[in-house]
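A.B. asks: fold the stuff below for me.
(one chain, ligands or ions: 2)
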Amino acid sequence: MDPLERMHFTTIDYVIFALLLVASMGIGLYYALSGGRQRTTQEFLLADRSMSCLPVSLSLIATFQSAVAIVGVPAEIYTHGTQYWFIGCAYILGLLIPAHVFIPVFYRLHLTSAYQYLELRFSKPVRICGTLTFIFQTVIYMGVCVYTPALALNAVTGFDLWGAVLATGLVCTLYTTLGGLKAVIWTDVFQTIVMFAGQLAVIVVGVQQTGGLAEVWRKVWEGNRISGIDLNPDPTERYTFWTLGVGGIFLMLSLYGVNQAQVQRYLSSKTEREAIMSCYMVFPSLQVALALSCVMGLVMFARYCGEDQFHKIGNLSKNEMVLYFVMDMLQDLPGLSGLFIACVFSAALSTISSAFNSLATVTLEDLIKPHCSAMTEARATLLSKGLACSYGLMCLAMAYLTHLMSDSVLQAAFKIFGMVGGPLLGIFCLGMFFPWANSTGALVGLGSGLVMAFWVGIGSIVTRTSGGPAAVSHFNCTAVQLSENITTAIGTALNSTAVPTSTSSQPMGLQRFYSLSFMWYSALSSFTVVITGLIVSFLTGPMKEEDVTPGTLYPLLGNMLYFVPDNLKQNLCCATPLGHRPIIQECPPAQHKESNVQADYTEEEEEEERLNFLPTSPTPVTEHETTV
Ligand SMILES: CC(C)(CO)[C@@H](O)C(=O)NCCC(=O)O
Ligand code: NA
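C.D. replies: Numbers count the residues shown, from 1 in each chain. Ligands and ions are numbered 1, 2, ... in the order given. Sure thing, here's the model as predicted:
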């Protein structure tokens, strides 16, 4: 770290950082001692299913907005321009589909774990495989999340790396274990606010120090950082409109549609409508989060481009750049660097707390409870606390593992989401949209999706490709020296021996397959699951619609063929998935929200129905929100 004299924290910075940890602990303690005092699994894992949409929506965005995004996105914008910003387009369908397809199905089934769905729809083995896949994904992701802020902080301030890892891991484990999902959601709310405040403060100061908005704009414009829409159809190109706007939808679906951490928040909502509302409210907040990170990258560029102090940042890895920029700029403003550090750690805490709680939930519900049916509620609650705590400690071990691998953390996170989250998305889609899919098809499908994802994923790591860095556009300000430095920075960040240039030859054959942009991993692996799953199902005897558990199908094909006459649809075997079909289908979409088809149901009837609904319910699935 030669060009870098380490920055130092003042007392007030430490105080602000400590306040974050203390406040989070306080929220945990509050929910440990209030309400039902976390004495039931319903409260500990599902917040008594009593949450309203505002906290849930802030918590939803906090879950997958980790320090990875806070330090990774600005560095991406700094080195490659604003192309990445187009991922915002994927948020539209990436949130509408969860709101109107996944939430209704999961909510009406009254689940605790998303993987219960897989048993209802397919069989127990499918559920267990789904659960294990999720645990695997989350445990790896958790390591990246806790390690990233600690690494960046260490590189810039010399703050002890393992001290920071331990502090975050332990504080988070403690409040998650004490306060359950209520504490997780309310700390998320608090931490999201700190996150936004920290980023906003840095942007405001940065703009001011660079000489105003007009000056920032001039510099990023001249430095060619404002990217037009890139419609290059090449799937190996890392970030284009297609990889971000279309591939990104599948990424979003795997996160916001079927990931247990998010599904658990939908299920903790008071009503189905609150759950859908919270998903809608994620959209503007997520756009704000994205805009803040992107603008921070631009401000960072405006500040360093063309100045002789540029060399300071040129040799840094992508993961360190942002913190260096912040510390460098805020040096004379005590407290603000503390606020930014609090922002980075807020992002990390809010992600790992969700991970601990959701891991405890699936381990208890999907792996332990089915084998110990006689477990008392008190025992189950104690066990779930023990599990949350153990996963917290495991997270520290995973941080060490991440330490041993090195990659750009943003890419690492996207690869994990795509390689392991993609096949999971595929298996849920297979179950919900295709009545013919059977259990064997699901298992073989999941397996082949994982194989496909790991084949391309590991192939790309071994051959160091995966849509290698886009050619760096030219700087107008002191062009030669700067692009050299930038190239070095990217080379270091990607840990690659040879930096690909725009003139490098197109990869061929398998090499080309390995260089598929990681933004396509989710789409590739979920399609693999669905296609293999369908083929195997047809070969081994497709399921009949009548045999599928009521409420587990979403009438996708039926809805898509809305205008086709009923008798024709019947022949295509996709009109009415079930005798007991979800209400979604009963009325035209426009009237759906106001639907009071089932308004004559009383709450008791509804509750009774929930209890005997699975799997041989004689009554249709009702809309729980109608009684509210
Ligand atoms: C996952 C999205 C695209 C949307 O939430 C964004 O938050 C992001 O880029 N996350 C990076 C991964 C992380 O922050 O851990
Ligand atoms: Na977070």
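
A.B. asks: count the residues that sit near whichever residue of the stretch 351-500 of the chain sits closest to ligand 1.
C.D. replies: Residue nearest to ligand 1 within the stretch 351-500 of the chain: Ala413 (3.9 Å; Cβ to the nearest ligand atom). Every C-beta, even on glycine, is put in place using the N, C-alpha and C of the backbone. Neighbour count of Ala413, defined by other Cβ atoms under 10 Å: 23.

A.B. asks: just the helices in the stretch 101-250 of the chain please.
C.D. replies: Ranges of helices in the stretch 101-250 of the chain, per DSSP state H, counting those that start in this stretch, are 103-109, 114-121, 124-157, 161-210, 213-222, 241, 248-252.

A.B. asks: just to revisit the earlier point, so the residue of the stretch 351-500 of the chain closest to ligand 1 touches Ala67, yeah?
C.D. replies: No - at 10.1 Å, Ala413 and Ala67 do not qualify as touching, with contact defined as Cβ atoms under 8 Å.

A.B. asks: what residues does this protein have near ligand 2?
C.D. replies: For the chain, the contact set with ligand 2 under Cβ under 5 Å from the ion comprises 62, 65-66, 347, 350-351.

A.B. asks: farthest-separated two in the residues you listed?
C.D. replies: Largest separation among these by Cβ to Cβ: Ala62 and Ser66, giving 8.7 Å.

A.B. asks: where does the stretch 451-600 of the chain dip in pLDDT?
C.D. replies: 465-507, 569-600 (pLDDT under 70).

A.B. asks: mutual contacts of Ala62 and Ser66, please.
C.D. replies: By the contact definition Cβ atoms under 8 Å, 6 or more residues apart in numbering, Ala62 and Ser66 are jointly contacted by 347, 350-351.

A.B. asks: find the nearest non-adjacent residue to the residue minimising distance to the centre of the chain, please.
C.D. replies: In the chain, the residue lying closest to the centroid (Cα atoms, centre = their mean) is Phe64, at 3.6 Å. Among residues not flanking Phe64 along the chain, Leu255 sits closest, at 5.2 Å (Cβ to Cβ, 6 or more residues apart in numbering).

A.B. asks: burial count for Gly88?
C.D. replies: Counted with other Cβ under 10 Å, residues neighbouring Gly88 total 19.

A.B. asks: quick check, the residue in the stretch 351-500 of the chain closest to ligand 2?
C.D. replies: Relative to ligand 2, the nearest point of the stretch 351-500 of the chain is Thr351 (3.6 Å; Cβ to the ion).

A.B. asks: any idea which element that residue lies in?
C.D. replies: Using DSSP states H and E, Thr351 sits within helix 336-362.

A.B. asks: for that helix, give the mean pLDDT please.
C.D. replies: If you average the pLDDT over helix 336-362, you get 93.

A.B. asks: just want the angle from it to helix 124-157.
C.D. replies: If you take axes from the mean of the first three to the mean of the last three Cα atoms, to 10 degrees, helix 336-362 sits at 160 degrees to helix 124-157.

A.B. asks: quick one: the helix or strand following helix 336-362 near ligand 1?
C.D. replies: Later in the chain than helix 336-362, the nearest helix or strand by DSSP H and E is helix 377-404. No - Helix 377-404 stays clear of ligand 1 (Cβ under 6 Å from any ligand atom), getting no nearer than 12.3 Å.

A.B. asks: need the residues of the stretch 301-450 of the chain near ligand 1, please.
C.D. replies: When proximity is defined as Cβ under 6 Å from any ligand atom, the stretch 301-450 of the chain approaches ligand 1 at Ala413.

A.B. asks: where are the low-confidence patches of the stretch 301-450 of the chain?
C.D. replies: Scanning the stretch 301-450 of the chain for pLDDT under 70 picks out the ranges 306-315, 405-407.

A.B. asks: and the gap between Val68 and Lys415?
C.D. replies: 12 Å (Cβ to Cβ, to the nearest Å).

A.B. asks: who's more crowded, these two?
C.D. replies: More crowded of Val68 and Lys415, by other Cβ under 10 Å: Val68, with 26 against 22.

A.B. asks: OK, contacts around that one?
C.D. replies: By Cβ under 8 Å, 6+ apart, the contact set of Val68 is 144-145, 148, 409-410, 412-413.

A.B. asks: circling back to that earlier point, and the helices of the stretch 101-250 of the chain: which comes nearest Thr11?
C.D. replies: Among the helices of the stretch 101-250 of the chain, helix 124-157 comes nearest to Thr11, with 13.7 Å by Cβ to Cβ.

A.B. asks: can you pull the contacts of Ser113?
C.D. replies: Residues counted as contacts of Ser113 (Cβ under 8 Å, 6+ apart) are 131, 260, 263-264, 361-362, 365-366.

A.B. asks: now it. Nearest residue, chain neighbours left out?
C.D. replies: In space, Ser113 is closest to Glu365, 4.2 Å off (Cβ to Cβ, 6+ apart).

A.B. asks: is it correct that the one you found is in contact with Thr112?
C.D. replies: Yes - using Cβ under 8 Å, Glu365 is in contact with Thr112, at 5.1 Å.

A.B. asks: what touches both of these two?
C.D. replies: Here Glu365 and Thr112 have Leu45 as joint contacts, going by Cβ under 8 Å, 6+ apart.

A.B. asks: give me the neighbour count for the residue lying closest to Phe159 once chain neighbours are set aside.
C.D. replies: Leaving aside its sequence neighbours, Phe159 sits nearest to Leu153 (Cβ to Cβ, 6+ apart; 4.7 Å). Residues contacting Leu153 under the criterion other Cβ under 10 Å number 25.
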